[in-house]
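>>> fold the following and give me the result.
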Amino acid sequence: MPRLFTALELPADVVFSLSLLRGGLPGARWIDPENYHVTLRFIGDVDERIADEIASELVRVSRPQFELALSGLGAFGSRSPHALWAGVKGTPALKELQAEHERLMQRIGLEPERRRFTPHVTLARLRHVSEAEVANYLALRGGFATPAFRVGRFVLLSSRASRGGGPYIMEEAYPLAA
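Residues are numbered from 1 along each chain as shown. As a prediction, the model looks like this:
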């Protein structure tokens with residue numbers, strides 16, 4: 001039973017910039033750079049029949065390529081931080097692509113995503129890290145940003161059941177219109 005999600009890949013120079021942020025935060029379990037991505041729609045554990053249906057439905061997505069940039073760092077879990085992330089500058093094209101993925105998944109019969117879409121790249125999972133430690137880390141690196149890059153496709157990824165962070169396997173790639 002695969003655990004699936006749709007995502008955007010990041011170019012090598014952006015991955016390199018993100019990898020330079022690793023370290024300096026005791027208690028952080030850093031995500032391997034080859035697993036950096038922007039999740040569009042977490043799907044979860046599905047049987048093979050549903051996985052095939054998802055892959056077939058995603059072929060229908062017809063959206064143009066667009067520009068994206070990363071900007072800022074933050075943490076999820078204000079009182080008890082549990083993840084460190086790099087922000088993604090939201091664009092109408094990104095929001096429309098994510099919304100289409102959501103509609104397709106609901107059309108297949110999957111439950112709606114309950115969390116609001118917050119585009120980001122997870123950098124680390126945090127355990128037993130204080131708010132003060134996270135605040136200090138963010139204060140030293142708060143000006144993080146990347147130049148804009150072109151998004152030319154999205155992917156369907158699978159992972160083994162785990163607490164996150166990969167390894168991820170690309171099941172399918174779907175080009176966006178030039």
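
>>> output the below-cut-off pLDDT ranges for this structure.
Within the chain, the set of residues satisfying pLDDT under 70 comprises 1, 161-166.

>>> swap the cut-off to 50 and go again
Scanning the chain for pLDDT under 50 picks out no residues.

>>> next secondary structure after the longest helix seen in it?
Using DSSP state H to assign secondary structure, the helix with the most residues in the chain is helix 92-108. Remark: after helix 92-108, the chain's next helix or strand is strand 120-126, criterion DSSP states H and E.

>>> in its sheet, what does that next one sit against?
strand 28-30 (antiparallel), strand 83-88 (antiparallel) (DSSP bridges).

>>> show me what contacts residue 133?
When contacts are counted by CB atoms under 8 Å, 6 or more residues apart in numbering, residue 133 touches 25, 26, 27. Glycine gets a C-beta too; all of them are placed from N, C-alpha and C.

>>> residues near the second one, how many?
Residues lying near residue 26 (other CB atoms under 10 Å) number 11.

>>> distance-wise, check it relative to residue 79.
For residue 26, the distance to residue 79 (CB to CB, to the nearest Å) stands at 19 Å.

>>> also the first one?
Residue 25 sits 17 Å away from residue 79, going by CB to CB.

>>> which of these two has more neighbours?
Per other CB under 10 Å, whichever of residue 25 and residue 79 has more neighbours is residue 25, with 22 against 5.

>>> pretty sure that one contacts residue 84?
Yes - using CB atoms under 8 Å, residue 25 is in contact with residue 84, at 7.0 Å.

>>> between the two, what contacts are shared?
124, 126, 134, 137.

>>> in TSV, list those residues along with distance to residue 103 and neighbour count.
TSV is the format used below for the shared contacts of residue 25 and residue 84 (distance: CB to CB, whole Å; neighbours: other CB atoms under 10 Å):
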residue	distance to residue 103	neighbour count
124	32	23
126	33	23
134	35	21
137	37	23
